[in-house]
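In: need coordinates for the below:
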Amino acid sequence: MTGLIVAGVDGSAPSTTAVEWAADDAARAGAELRIVHVLDLRTYEVFAGQQDLLRRAAGRVPAAAEEAARARQPAVKVSTRLVEGVPGAVLRGLEASELVVGNRGVGGFAGALLGSVTMEVAARARCPVVVVRAEPCEETGVIGVGVDESDTCEPALGYAFERARSYGATLRPIHAWQVPVHAFAPEITYDLDEVRASRHRLVSARLAPWRARFPDVEVVEDVQNAHPIDALTGVACDLVVVGSHGRGALGSLFLGSVSRGVLHHARCPVAVVRPQD
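Out: Below you'll find the model as predicted:
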């Protein structure tokens, strides 16, 4: 992937890690990196007459992030922007090939796994969104991607195959299935071997066109009898890619339950790739 990668920063530890991750990704993809900090002056309305001081202080946030990015990847072209507005609305409206953010910012609750800005951006941005945690993630050389029956996973598969090629990583398509529980019809039984075989056929058929387009990517299919969130967060990966099932004007405001659960519980960076309108 070439183009522009945007990293949203606010001076928090997760946002610093996100900038470093974005710099690495830009280096692999041959992309430019733009660092954006959004100053929300609504928070400081009580401090009348001090807006200029706040702007000068806010300018130090992208400057520090730029320093971290250049130290990480000196060859990557880096630019910065300071924008005034509502952080979630500004970030999700930016034109980019990819948007990278930390999992929570400086203003969130200490116990929260995901910040409100992160959730809004992941649910509504037009480009793929990568959510990065401050905690280090041990490199595995594996990229995981969720596969299901719906066409909404196709953009996620395309993104994951591209990433696996640029990383030189093994791609692990993960599909989880569960036997329905019929509380009022316990006599219903299933041929589990046939169910398992049909799930493997579904995954193989879904992957066939992508294997043909990316013959140099090593693919290891992973079909599990498990809950999708457990399956996607239980495998050690450098990155987990998920689609989003939000549909229509209202659906686009929310993440699907699986995408949201993976964002909350994955120990590695998570990329959310929504279908294009």
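
In: use CA for all of it now, contacts and neighbours both
Out: Fine.

In: contacts for whichever helix or strand V262 is part of?
Out: Following DSSP states H and E, one finds V262 within helix 257-265. With contact meaning C-alpha atoms under 8 Å, 6 or more residues apart in numbering, helix 257-265 is reached by L113, L114, V131, P228, I229, L232, T233, V242, G243, S244, V270, V272.

In: count of neighbours near G168?
Out: G168: 16 surrounding residues under other C-alpha atoms under 10 Å.

In: looking at this structure, which helix or strand is least sure?
Out: Sorting the helices and strands of the chain by mean pLDDT, DSSP states H and E puts helix 248-251 at the bottom, at a mean of 39.

In: before we move on, back to that, just the buried subset of the contacts of helix 257-265, written out for ChimeraX, thanks.
Out: Only the buried entries of the contacts of helix 257-265 go into this ChimeraX selection, using 16 or more other C-alpha atoms under 10 Å:
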select :114,131,228,229,232,233,242,243,244,270,272
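
In: in helices only, show me the contacts of helix 257-265.
Out: Taking DSSP state H as the definition of helices, the contacts of helix 257-265 contribute P228, I229, L232, T233.

In: please report how far the last one lies from L54.
Out: Between T233 and L54 the distance, using C-alpha to C-alpha, to the nearest Å, works out to 40 Å.

In: got it, and the second one?
Out: Look at I229 and L54: by C-alpha to C-alpha, they are 41 Å apart.

In: follow-up on the earlier one: quick one: least confident of the contacts of helix 257-265?
Out: When these are compared on pLDDT, L113 comes out lowest, with 57.

In: okay, now the unreliable bits of the stretch 51-200 of the chain?
Out: 105-113, 179-191 (pLDDT under 70).

In: tell me where the stretch 1-150 of the chain has helices.
Out: 13-29, 51-72, 87-92, 116-124 (DSSP state H, counting those that start in this stretch).

In: nearest residue to the middle of this protein?
Out: Nearest to the mean C-alpha position of the chain, by C-alpha atoms, centre = their mean, lies A271 at 2.0 Å.

In: isn't that residue up against S244?
Out: No: judged on C-alpha atoms under 8 Å, A271 makes no contact with S244 at a distance of 10.2 Å.

In: hmm, back to that, now the helices of the stretch 1-150 of the chain as TSV including distance to C153 and mean neighbour count?
Out: Below are the helices of the stretch 1-150 of the chain laid out as TSV (distance: least, C-alpha to C-alpha, whole Å; neighbours: other C-alpha atoms under 10 Å):
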stretch	distance to C153	mean neighbour count
helix 13-29	22	24
helix 51-72	31	16
helix 87-92	21	20
helix 116-124	15	23
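
In: which one of those helices lies closest to A160?
Out: helix 13-29 (13.0 Å; C-alpha to C-alpha).

In: how far out from the middle of the chain is that closest one?
Out: 12 Å (C-alpha atoms, centre = their mean, to the nearest Å).

In: and it, what does it pack against?
Out: Contact here means 3 or more C-alpha pairs under 8 Å, 6 or more residues apart in numbering; DSSP states H and E; on that basis helix 13-29 packs against strand 4-9, strand 32-39, helix 51-72, strand 98-102, strand 129-132, helix 153-167.
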